[in-house]
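Asks: Kindly generate the corresponding structure for this input.
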Amino acid sequence: MQGHLRRLRKGADDWLTRTPEYPDRGSQWWHWYTCKACGARLTTKSPTEHVCPDCGAVYTGWPYDDVVLDRQHGALAGAIRDLGLMYVLTDDTAYAGKAREILLAMRSGTSTTRCMTSTASPNKGGGHVGPQSLDESTWLIPVAQGFDCILDTLSPEDVQTISEKLLLPAAQLIHDHQWGIHNICCWHDSAYGLVGLALEHEGLTYDAINGPKGFRAQVEQGVTDDGFWYESAWGYHFYTMSALQPLAVAARNVGIDLYTDRYKGMYDAPLAFMAPGGELPAFNDSGTANPLGQGSMYEIAYARWATRGTCCRSCRAGGRASRRCYTGRKPGTDSHFGNGFRNGVSPRFPLGVGALPRRRGMWCCAVGRQATGG
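Replies: Predicted coordinates for the structure are as follows:
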């Protein structure tokens with residue numbers, strides 16, 4: 001924990017003396033950042049030179065120059081969050097002041113930027129900052145978190161400017177493209193839901209939590225009775241867990257409890273299903289996976305549900321590396337965590353993939369009903 005705080009402080013301190021660079025346009029889809037000849041991932045030589053490491057081909061212009069802007073947009077969002085956290089932890093207004101500076105500077109170019117998709121067309125589903133509403137959501141979440149952290153230091157004029165020029169345009173864009181029960185839509189809910197909670201905007205908050213595609217609907221309709229996310233691929237399962245958690249945490253902080261038994265099933269399923277070494281089988285369009293690196297998410301789950309089986313093995317086996325992020329907080333001492341894994345047979349999953357015999361050195365999977373991947 002102390003190591004993480006040192007890293008957090010160092011990163012925030014670096015921003016105190018840095019002159020931020022603000023992109024003049026939104027970023028582009030990272031899938032474009034590959035060599036047309038050999039398909040290798042490009043490396044960035046400069047903001048306008050993008051080199052294939054295999055054949056040496058050099059690319060410039062759109063979309064390559066725009067793809068790398070995602071790093072700048074993401075760094076600014078992360079800076080707002082981290083500076084806000086350091087203000088909360090230390091009461092040092094220098095951190096809040098720098099976060100305010102970035103928020104006010106970002107608003108000038110965000111709400112006025114054309115909404116563009118990954119094909120540079122101004123269609124619904126695009127973003128001001130990223131090429132998709134998904135990218136807009138993952139950018140907006142840390143921005144809203146940082147804004148909330150420093151809210152008590154902002155003047156009414158600052159709040160109005162940041163709200164009207166930055167937060168609400170992004171939140172409304174995402175809200176208006178909320179289209180279904182899906183992992184992407186869970187990111188949508190957290191993004192405009194956090195803005196709604198921070199600004200006490202009843203419409204955004206209600207839709208993010210109780211709307212037909214809100215948090216409760218995502219969990220009730222998207223999580224199977226097994227606890228497995230309906231897309232039936234571990235990659236999407238953990239990705240959806242990451243998407244839902246920011247809103248669950250924020251809602252609880254204002255007295256709204258979203259920690260239902262069905263939501264808990266998302267955390268229980270990987271631990272019940274994994275082999276003795278922690279491996280999860282490859283289903284649909286995900287490769288093999290391992291929940292032991294998800295310690296930061298499971299520590300929050302342990303703090304909420306306080307059941308030994310929910311996360312003790314994941315936190316323990318995930319090691320210290322799993323706690324090198326701002327969400328990783330140790331709810332107690334090491335005595336909370338169990339050692340190793342028991343032999344035996346895991347629970348049967350009637351709606352997903354059968355049962356998994358647990359034996360050291362052998363791992364068999366009986367595949368049941370094929371579920372939809374996507």
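
Asks: Tell me the spacing between I141 and Y267.
Replies: 20 Å (CB to CB, to the nearest Å). Any C-beta I mention is one placed from the backbone N, CA and C, and that applies to glycine too.

Asks: ok, which stretches of the stretch 51-200 of the chain are helices?
Replies: 64-67, 69-90, 93-110, 133-149, 156-162, 168-175, 183-199 (DSSP state H, counting those that start in this stretch).

Asks: Who are the packing partners of the fifth one?
Replies: Here helix 156-162 touches helix 93-110, going by 3 or more CB pairs under 8 Å, 6 or more residues apart in numbering; DSSP states H and E.

Asks: any idea which helix or strand carries the closest residue in space to C186 that isn't next to it in sequence?
Replies: In space, and not counting its chain neighbours, C186 is closest to A243: 3.7 Å by CB to CB, 6 or more residues apart in numbering. A243 belongs to helix 234-253 when elements are defined using DSSP states H and E.

Asks: Report all helices and strands that whichever helix or strand comes after that helix contacts.
Replies: Next along the chain after helix 234-253, taking DSSP H and E as the criterion, comes helix 261-273. Where contact means 3+ CB pairs under 8 Å, 6+ apart, helix 261-273 is packed against helix 215-222, helix 234-253, helix 295-305, helix 308-318.

Asks: Tell me which of the ones you listed lies nearest to S137.
Replies: Counting by CB to CB, S137 lies closest to helix 234-253 out of the helices and strands packed on helix 261-273; the figure is 8.1 Å.

Asks: pLDDT of the closest one, averaged?
Replies: Mean pLDDT, computed over helix 234-253, is 95.

Asks: Next, the angle from that helix to helix 215-222.
Replies: 150 degrees (axes from the mean of the first three to the mean of the last three CA atoms, to 10 degrees).

Asks: in helix 234-253, what's buried?
Replies: Residues of helix 234-253 classed as buried: 234-251 (neighbour count, 16 or more other CB atoms under 10 Å).

Asks: Kindly report the same for stretch 62-79.
Replies: 63-70, 73-74, 76-79.

Asks: Then stretch 211-225?
Replies: G211, K213, G214, F215, R216, A217, Q218, V219, G222, V223, T224.

Asks: try stretch 190-198
Replies: Applying a neighbour-count criterion of 16+ other CB under 10 Å, one finds S190, A191, Y192, G193, L194, V195, G196, L197, A198 buried in stretch 190-198.

Asks: Redo these as a markdown table? Include pLDDT and distance to T93.
Replies: Output for those, formatted as a markdown table (pLDDT from 0 to 100; distance: CB to CB, whole Å):
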| residue | pLDDT | distance to T93 |
| --- | --- | --- |
| S190 | 98 | 28 |
| A191 | 98 | 27 |
| Y192 | 98 | 29 |
| G193 | 98 | 28 |
| L194 | 97 | 23 |
| V195 | 97 | 24 |
| G196 | 97 | 27 |
| L197 | 97 | 23 |
| A198 | 97 | 19 |
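
Asks: out of the residues you listed, which one sits closest to P156?
Replies: A198 (14.8 Å).

Asks: What residues of the helix or strand containing G3 count as buried?
Replies: For G3, the host element (DSSP H and E) is helix 2-16. Buried residues in helix 2-16, counted by 16+ other CB under 10 Å: H4, L8, R9, A12, W15.

Asks: cool, stretch 39-58 as well?
Replies: Residues of stretch 39-58 classed as buried: L42, H50, V51, C52 (neighbour count, 16+ other CB under 10 Å).

Asks: Then stretch 24-31?
Replies: Buried-residue list, stretch 24-31, by 16+ other CB under 10 Å: R25, G26, S27, Q28, W29, W30.
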